[in-house]
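K.L.:
only geometry, no sequence info:
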């Protein structure tokens, strides 16, 4: 049976449809629901967006260095820039490159495993043509590299690896080394086909010839330093390296208290209270000689000393005889350095936090009193100087923790003050 609606009923029905919500309540997402994403075990997400971003920044530096070095080597205008940084499987990478091509197997020491540097045939033959005295047009024929062409490409790859080392220096002291050059991608099986890799694609232009240079780094190779491929660590390491270069001498300028101690003996409070001026004598627990003096670094005894006599002032100076409990001999220097570093590790250093300074005339200083306002050389919100025995070692900001005033370190200037290795290298 067919029911015929009147014009008024049709109008009411259309009006009800227009006023209804665009999406039924049954199809609205539940409040607080989470976004669900299907996980593909064949393509696991091992590289986060932050990892990809950091790798892209590293290789932007690599592309700038390569642009300069290739332009000088080929005596031609060369442009290299990062086109993309992607995460994919090694099999997908192998299938995407032509055969034959120029494949450099790179050992990524001190990281384990290898990487692959692939240079597009058009770019390879253009480079070879320039090195052989040509105009850089290259050849349209696809063929495997000859021995001479392979040697020429080895020199180019060595230059590129030097640039790669410099670009990775903020993250790791990479020492890439060319293992071999191949032309067939199927023979370059450095990891299983399903292993995830990061592929850095560099658009390259040599003269009028355009092509790609691809750098493929497997995840197992980068896994030990994945925590370093973050923005915080990347920029933090860069800033720390720059600060160490600029402030390397600061750690050696911190004055440390040295105390020449004649002897040490324990007395009770009652005995000390009975001391009388010009009448009390104190003696060491055992007989002493002129060479029974000890020089302390902080609170630790480090050197044996001899008191030098002087007619005007006695004692005026001391002479170092050797380290504590160490025979005076050829090994004294090495043992003394160990003793000094052990003492420095526990020596007390006065840390002061300066809110700011101001210079006033003597007249103004005498006029300072309650209610006086002084303007310091620091702006509001500017970091405060944290000094060790008067030497600037850090910057800080004022904080309040549980109603207690404190200072949070925001920038460390001399973080390796007592690093024995750093001291030896400097």
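P.N.:
Structure's in. What do you need? Treat the numbers as computed from the prediction; the structure is a model and nothing was measured.
K.L.:
tell me where the stretch 51-200 of the chain has helices.
P.N.:
Counting by DSSP state H, counting those that start in this stretch, one finds helices in the stretch 51-200 of the chain at the ranges 90-96, 121-131, 147-167.
K.L.:
of those, which approaches residue 218 most closely?
P.N.:
Closest approach to residue 218 among those is made by helix 90-96 (6.6 Å; C-beta to C-beta). Where you see a C-beta, it was placed from the backbone N, CA and C, and this is true even at glycine.
K.L.:
want to throw the helices of the stretch 51-200 of the chain into JSON lines with mean neighbour count?
P.N.:
Below are the helices of the stretch 51-200 of the chain laid out as JSON lines (neighbours: other C-beta atoms under 10 Å):
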{"stretch": "helix 90-96", "mean neighbour count": "17"}
{"stretch": "helix 121-131", "mean neighbour count": "24"}
{"stretch": "helix 147-167", "mean neighbour count": "17"}
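K.L.:
right, and the ones you listed - which one's nearest residue 192?
P.N.:
Closest approach to residue 192 among these (C-beta to C-beta): helix 90-96, 7.1 Å.
K.L.:
contacts for that closest one, please.
P.N.:
116, 185-186, 188, 190-197, 199, 214, 216, 218 (C-beta atoms under 8 Å, 6 or more residues apart in numbering).
K.L.:
repeat the analysis, applying 7 Å as the threshold.
P.N.:
With contacts defined as C-beta atoms under 7 Å, 6 or more residues apart in numbering, helix 90-96 is touched by 185-186, 191, 193-195, 197, 199, 216, 218.
K.L.:
could you check the pLDDT of residue 180?
P.N.:
On the pLDDT scale, residue 180 is placed at 90.
K.L.:
and for residue 223, the neighbour number?
P.N.:
13 (other C-beta atoms under 10 Å).
K.L.:
and it, what does it touch?
P.N.:
No residues are in contact with residue 223 under the rule C-beta under 7 Å, 6+ apart.
K.L.:
redo that, cut-off 10 Å
P.N.:
46, 111-113 (C-beta atoms under 10 Å, 6 or more residues apart in numbering).
K.L.:
how many neighbouring residues does residue 187 have?
P.N.:
Residue 187: 10 neighbours (other C-beta under 10 Å).
K.L.:
state the mean pLDDT of stretch 83-95.
P.N.:
Mean per-residue pLDDT for stretch 83-95: 90.
K.L.:
straight-line length of that stretch, end to end?
P.N.:
End-to-end distance for stretch 83-95, by C-alpha to C-alpha, to the nearest Å: 19 Å.
K.L.:
got the domain ranges for this structure?
P.N.:
What automatic domain parsing lists as the domains of the chain is 49-229, 258-264+287-346, 351-363+372-425.
K.L.:
reformat those as TSV; add distance to residue 12.
P.N.:
Formatted as TSV, the domains of the chain follow (distance: least, C-beta to C-beta, whole Å):
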stretch	distance to residue 12
domain 49-229	52
domain 258-264+287-346	89
domain 351-363+372-425	66
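K.L.:
all set, thanks.
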